[in-house]
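Participant: no FASTA, just this:
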């Protein structure tokens with residue numbers, strides 16, 4: 001039995017130290033370890049004896065092996081000694097011979113026999129710090145994910161009206177956590193006034209029906225900017241079914257919504273005029289058709305096409321054409337009811353959808369005519385674009401709906417058909433759809449289809465019309481196209497060229513004409529039967545001329561056929577001179593270097609100026625047949641013809657009068673010093689065999705300058 005109290009207390013102290021699971025040690029003022037327990041030795045990788053004995057006891061801070069921790073420990077140690085206050089802090093240790101640990105230190109200063117010692121207790125908090133680090137990392141990752149996804153988290157204590165917002169919610173609402181205390185009322189005040197009621201109802205409905213809430217709404221930022229957010233939340237209830245908590249997310253979907261709106265707008269509206277496009281028009285027409293059937297009244301569709309818009313677009317450029325289309329759209333919008341729709345289908349085609357034009361057909365027709373007349377007056381007022389005064393008029397087709405077995409496609413087709421009828425009957429006109437118009441439209445579609453087969457089936461033929469001098473001698477000829485249709489017989493260009501232009505078939509047809517003409521001219525040249533010293537004139541369409549490789553095609557064609565290009569003459573229209581002038585001049589110069597002549601066909605009907613005539617590499621003008629037909633003494637046509645001849649002679653350009661049909665016309669032209677002629681007065685267009693016979697007949701009479 002232990003009787004000595006002092007020895008007993010020493011043993012008891014030793015037992016307490018040895019059994020402790022925390023590190024316990026005593027430091028003197030020099031921060032040397034005077035006593036420690038086994039845990040201390042274990043954690044710091046030394047023996048107790050090594051830590052507490054020896055001539056040079058180890059300073060505790062040297063055991064930490066982490067500079068920041070040594071500095072932290074020293075600071076708290078000094079404070080405990082000087083202030084006599086307990087200190088608690090955490091720091092990291094990583095002794096050379098022991099694992100890395102996080103420790104929580106308690107330093108308690110005590111005075112014993114005139115000495116101040118510091119009793120230190122260190123607890124291993126590595127697990128706790130690891131958990132805290134993981135929680136901190138998870139929170140940071142969550143905050144980052146919320147920031148990237150623009151999704152914030154919120155939690156509403158319904159009973160106490162306490163609302164928690166994550167950092168991202170504050171950012172989305174443009175509020176600072178230190179200056180705004182979240183609450184239900186505060187949240188509602190941040191919602192756009194027009195959306196507050198719908199949000200309240202959505203929350204109440206979710207609570208009543210015990211279903212999750214999903215809602216898009218707008219919020220107002222402190223700077224009055226508007227954002228669009230998506231809210232979704234779920235509600236928790238207590239045992240009595242009372243709602244106690246609502247938790248959810250809020251996502252900033254402003255960019256997505258605006259992108260969706262932009263895409264939706266682009267899909268439904270015309271990019272140039274911002275009018276509804278065909279897709280949106282058809283959707284609205286579908287709805288209006290159903291509404292007219294339900295309510296028993298008529299609606300109307302007006303199909304508008306601008307007369308001669310292509311001439312303006314080609315001669316003045318697409319920029320001017322686009323500006324004109326914008327002004328037309330603005331005028332139509334300005335004078336249209338809000339419930340009606342003005343749409344642009346493309347090009348210069350507009351459609352006006354008018355609802356409720358009347359329950360009685362006669363009144364509906366009268367109202368449709370009234371609207372069309374108003375549009376004609378509205379669009380006929382001059383336009384001022386780029387310092388120029390422009391004039392356009394519309395051709396308008398109207399159809400009423402509904403009729404039996406009606407559909408959106410049929411309604412638009414009827415209005416389109418009526419519009420083409422208005423255009424065919426003189427333009428600047430209004431036509432209501434009649435069943436007979438459909439037959440004409442179907443005939444047009446059939447012609448388009450037949451044209452596609454005509455080339456493959458060799459249905460085209462070349463005719464030739466002589467060009468003569470004042471003595472009637474053939475000095476050249478013009479190649480003219482004919483279509484020998486298997487059912488309809490011989491068709492002249494006036495009946496199908498416009499269709500070929502509109503469908504783009506004019507390009508392969510024109511290429512065929514050029515190849516056949518070059519082959520025939522080469523044959524004449526090589527067999528001495530050329531209508532020399534003249535040339536073979538071939539019409540070149542604008543589409544064909546503006547093919548990027550047009551000149552290359554001609555050079556290849558000349559090489560393949562062996563034709564002497566000096567015997568070729570290309571006839572182009574006036575409007576081709578002012579469209580893309582640099583490209584036109586470049587091509588004409590190359591053609592002239594090849595030896596090919598250039599003639600302006602139908603001169604006097606386009607927009608060419610003296611500057612173009614003076615500077616372009618031209619050889620000839622062909623007076624339009626419309627002026628020749630109008631020749632009468634003292635008439636304006638006669639004066640125009642005389643002026644053209646005089647101007648051409650001054651510019652040293654040849655003049656050919658086209659469409660001469662009578663001796664009176666011939667004598668007048670001859671008296672005005674016109675030297676070359678073409679028309680039925682001399683010879684109609686002839687198939688190749690008959691034209692060759694004409695050449696031979698003239699040679700036998702020795703009236704030709706060269707013969708077969």
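Facilitator: Perfect, thanks for sending it. Here the structure is a predicted model, which means the values were calculated and not measured.
Participant: can we go C-alpha only for contacts and neighbour counts from here?
Facilitator: Will do.
Participant: give the contact list for the nearest residue to residue 30 once chain neighbours are set aside.
Facilitator: Counting by Cα to Cα, 6 or more residues apart in numbering, residue 30 lies nearest to residue 59, which is 7.5 Å off, once chain neighbours are set aside. Listed by Cα atoms under 8 Å, 6 or more residues apart in numbering, the contact set of residue 59 reads 30, 31, 32, 33.
Participant: hey, what's the third one bridged with?
Facilitator: Read that as residue 32. residue 59 (DSSP bridges).
Participant: is it true that it touches residue 60?
Facilitator: Yes: counting by Cα atoms under 8 Å, residue 32 does reach residue 60; the two are 6.0 Å apart.
Participant: Tell me where the stretch 51-200 of the chain has helices.
Facilitator: Ranges of helices in the stretch 51-200 of the chain, per DSSP state H, counting those that start in this stretch, are 61-64, 67-83, 126-149, 167-173, 184-190, 193-209.
Participant: would residue 483 count as being in a strand?
Facilitator: Yes: assessed by DSSP: H, G, I helix; E, B strand; the rest coil, residue 483 belongs to a strand.
Participant: can you pull the pLDDT of the nearest residue to residue 573 once chain neighbours are set aside?
Facilitator: Of all residues not flanking residue 573 in the chain, residue 601 sits nearest, at 5.2 Å (Cα to Cα, 6+ apart). Residue 601 carries a pLDDT value of 85.
Participant: Report the separation between residue 601 and residue 699.
Facilitator: 29 Å (Cα to Cα, to the nearest Å).
Participant: hang on, the earlier thing: and for the residue nearest to residue 573, the neighbour number?
Facilitator: Neighbour count for residue 601, taken as other Cα atoms under 10 Å: 23.
Participant: What of residue 315?
Facilitator: There are 22 residues near residue 315, going by other Cα under 10 Å.
Participant: still on that earlier bit, most tightly surrounded among the helices of the stretch 51-200 of the chain?
Facilitator: helix 167-173 (a mean of 20; mean count of other Cα atoms under 10 Å).
Participant: Does anything pack onto it? Which helices or strands?
Facilitator: helix 126-149, strand 151-157, strand 243-252 (3 or more Cα pairs under 8 Å, 6 or more residues apart in numbering; DSSP states H and E).
Participant: Using a markdown table, lay out the ones you listed together with distance to residue 418.
Facilitator: Below are the helices and strands packed on helix 167-173 laid out as a markdown table (distance: least, Cα to Cα, whole Å):
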| stretch | distance to residue 418 |
| --- | --- |
| helix 126-149 | 55 |
| strand 151-157 | 56 |
| strand 243-252 | 51 |
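Participant: I'd like to know which of those is closest to residue 25.
Facilitator: helix 126-149 (19.6 Å; Cα to Cα).
Participant: How about residues contacting that closest one?
Facilitator: Residues from elsewhere that reach helix 126-149 (Cα under 8 Å, 6+ apart): 101, 102, 103, 151, 152, 167, 168, 251.
Participant: Just want the angle from it to strand 151-157.
Facilitator: 110 degrees (axes from the mean of the first three to the mean of the last three Cα atoms, to 10 degrees).
Participant: Could you give the average pLDDT over helix 126-149?
Facilitator: On average, helix 126-149 scores 76.
Participant: can you check stretch 243-258 too?
Facilitator: Mean per-residue pLDDT for stretch 243-258: 90.
Participant: got a list of what the residue nearest to residue 156 when sequence neighbours are not counted touches?
Facilitator: Spatial nearest neighbour of residue 156, chain neighbours left out: residue 163 (4.4 Å); criterion: Cα to Cα, 6+ apart. Residue 163 sits next to 154, 155, 156, 157, 182, 183, 184 when contact means Cα under 8 Å, 6+ apart.
Participant: what's the closest of those to residue 680?
Facilitator: residue 154 (91.7 Å).
Participant: For that closest one, name its beta-bridge partners.
Facilitator: residue 165, residue 248.
Participant: so how far is residue 280 from residue 381?
Facilitator: Residue 381 is 29 Å from residue 280, by Cα to Cα.
Participant: ok so, going back, dump the residue contacts of the residue nearest to residue 573.
Facilitator: Contacts for residue 601 (Cα under 8 Å, 6+ apart) come out as 571, 572, 573, 574, 621, 622, 623, 624.
Participant: show me the contacts for residue 101.
Facilitator: Per Cα under 8 Å, 6+ apart, neighbours of residue 101: 92, 93, 94, 124, 125, 126.
Participant: what number of residues lie near the spatially closest residue to residue 380 that is not a sequence neighbour?
Facilitator: Of all residues not flanking residue 380 in the chain, residue 393 sits nearest, at 5.3 Å (Cα to Cα, 6+ apart). By other Cα under 10 Å, 22 other residues sit near residue 393.
Participant: One more: residue 359?
Facilitator: 14.
Participant: How about the one 5 residues further on?
Facilitator: When neighbours are defined as other Cα under 10 Å, residue 364 has 20 of them.
Participant: what does the model give it for pLDDT?
Facilitator: 86.
Participant: Equivalent analysis for the one 10 residues further on, please.
Facilitator: Residue 374 is assigned 91 on the pLDDT scale.
Participant: in the helix or strand containing it, what counts as buried?
Facilitator: For residue 374, the host element (DSSP states H and E) is helix 361-380. Within helix 361-380, the residues scored as buried using 16 or more other Cα atoms under 10 Å are 364, 365, 367, 368, 369, 371, 372, 375, 376, 378, 379, 380.
Participant: Can you tell me which helices and strands it packs against?
Facilitator: strand 298-306, helix 318-334, strand 349-358, strand 394-401, strand 430-432.
Participant: now the helix or strand hosting residue 41: mean pLDDT?
Facilitator: Assigned by DSSP H and E, residue 41 belongs to helix 38-43. For helix 38-43, the mean pLDDT works out to 90.
Participant: Brilliant, that's me finished.
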